[in-house]
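# could you look at this predicted model? Sequence included:
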Amino acid sequence: MTGQPSARIHPPRPAWVFLTSWLEQPLAWTALVAVSALLCGLIYFGLMRPSHPARPRADFPARPRIEAAIAAAQVRLAANPQELAALVELGMLHFENGAQTYPDAVNELEEARRLGSLDSRIFYCLGVMYQELGLYPFALEEYQRHLRNSPDDKEVRALAAKLYYRQGDYNAAVKEYERLRYHDPNDPLIIENLGLSLWGAKLTERAVESFEALKVAGGLPGRRAQFYLGQIALEAGRYQEALGLMQGSLPDDAEPDYGIPKDRMHAAVAMVWQKLGRSDEARDAWQRVLKFAPSDAKAQAALRDLNRRFPPKKAKKR
């Protein structure tokens, strides 16, 4: 359809609670690393997955004629309120018209289904609209219905997998991405999202296999995979390995980020330096975070703590 809005989901960032006394606790940095790993995965998942493409219908009216078509369908329904074809058509037209008429479209398509319509387009359209309206469990239910009718629809399976991940059902996301990869074994985005889902499901060894394959393939997915491998090494306490992987994946300052914001990448590097006991390097890394995100409360708190416990060395007077 034409004029269909994007279905991209931008997962909310969790609040960073960063108290100075909390940073001094022995397990504080370990907990922070785990949260950071999940955060970066979520950021990538929200930013990199393409939105669902439009599905044009040859018989659908052009946008300037949609209002006239809506009026015509309403006239038909006024004459016969239970004409299912007119009710479905009106719902599809309101769907096609954009987000401002989604509530009407949802009501009309749900009513058509209640009255017995078997039009399979209802599942897809309701899924997209429920997703856009933030009603993710309802969207997943509609996508599942659609996939039972059209199991080879890769677009909807990717949307369902993304929603499973968003809701924390990582094992279900893994199953969907595995099915997608079966049909497209070399698609780097599918491999990457499968790796992220495996990581979320705590199937770390398999996640590493996915990320290693991406790293070897290179390109932007390969650089992101290298950073994920660094995070996994950090979680496992292999700090020197984590540092090498993360530093090797960092984009230059003038280079645009490639799905993971630069401030989040430098924050992870700062954590590694701190775990290695290198306070000066950690301080520099946190300052780089603030260069890209001046209001980052996490970096500000970490710098205050570092400066209190390990004051910067004063330059010697000549």
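Received it, and whenever you're ready, just let me know what you need.
# I'd guessed Glu142 sits against Ser120; true?
No - the criterion here is C-beta atoms under 8 Å, and Glu142 misses it with Ser120 at 11.1 Å. All C-beta spots, glycine's among them, are computed from the backbone N, C-alpha and C.
# tell me who's in contact with Tyr170.
Each residue near Tyr170 by C-beta atoms under 8 Å, 6 or more residues apart in numbering is listed here: Tyr164, Ser197, Leu198, Gly200, Ala201.
# ok, so of these, who is nearest Ala297?
Nearest to Ala297, judged by C-beta to C-beta, of these is Gly200 at 25.3 Å.
# that closest one contacts Asp169, correct?
No - if you go by C-beta under 8 Å, Gly200 and Asp169 don't touch, sitting 9.2 Å apart.
# so where's the protein shaky on pLDDT?
For the chain, the stretches with pLDDT under 70 are 1-64, 315-318.
# how about Tyr124, nearest residue that isn't a chain neighbour?
His146 (5.0 Å; C-beta to C-beta, 6 or more residues apart in numbering).
# need the three-state assignment for the one you found.
Following DSSP: H, G, I helix; E, B strand; the rest coil, His146 is assigned to helix.
# burial of it, as a residue count?
Using other C-beta atoms under 10 Å, His146 has 24 other residues around it.
# cool, Gln226 as well?
21.
# for it, what are its contacts?
Counted by C-beta under 8 Å, 6+ apart, Gln226 has contacts Phe211, Lys215, Leu245, Met246, Gly248, Ser249.
# just the ones of those residues in helices?
Among the contacts of Gln226, the members found in helices (DSSP state H) are Phe211, Lys215, Leu245, Met246, Gly248, Ser249.
# can you tell me which of those are buried?
Phe211, Lys215, Leu245, Met246, Ser249 (16 or more other C-beta atoms under 10 Å).
# between those, which is nearest Asp284?
Met246 (14.2 Å).
# of the contacts of Tyr170, just say which sits nearest to Ala299.
Gly200 (25.2 Å).
# once you drop chain neighbours, what's closest to the closest one?
Tyr170 (3.7 Å).
# and if you look at Glu110?
Closest to Glu110 by C-beta to C-beta, 6+ apart is Leu126, at 7.2 Å.
# Ala236: neighbour count?
Neighbour tally, Ala236, other C-beta under 10 Å: 11.
# gap between it and Ala242?
According to C-beta to C-beta, to the nearest Å, Ala236 and Ala242 sit 8 Å apart.
# before we move on, what about Ala173?
For Ala173 relative to Ala242 (C-beta to C-beta), the value is 25 Å.
# ditto for Gly219
For Gly219 relative to Ala242 (C-beta to C-beta), the value is 22 Å.
# the more surrounded of those two?
Between Gly219 and Ala242, Ala242 has the larger neighbour count (other C-beta under 10 Å), namely 26 against 11.
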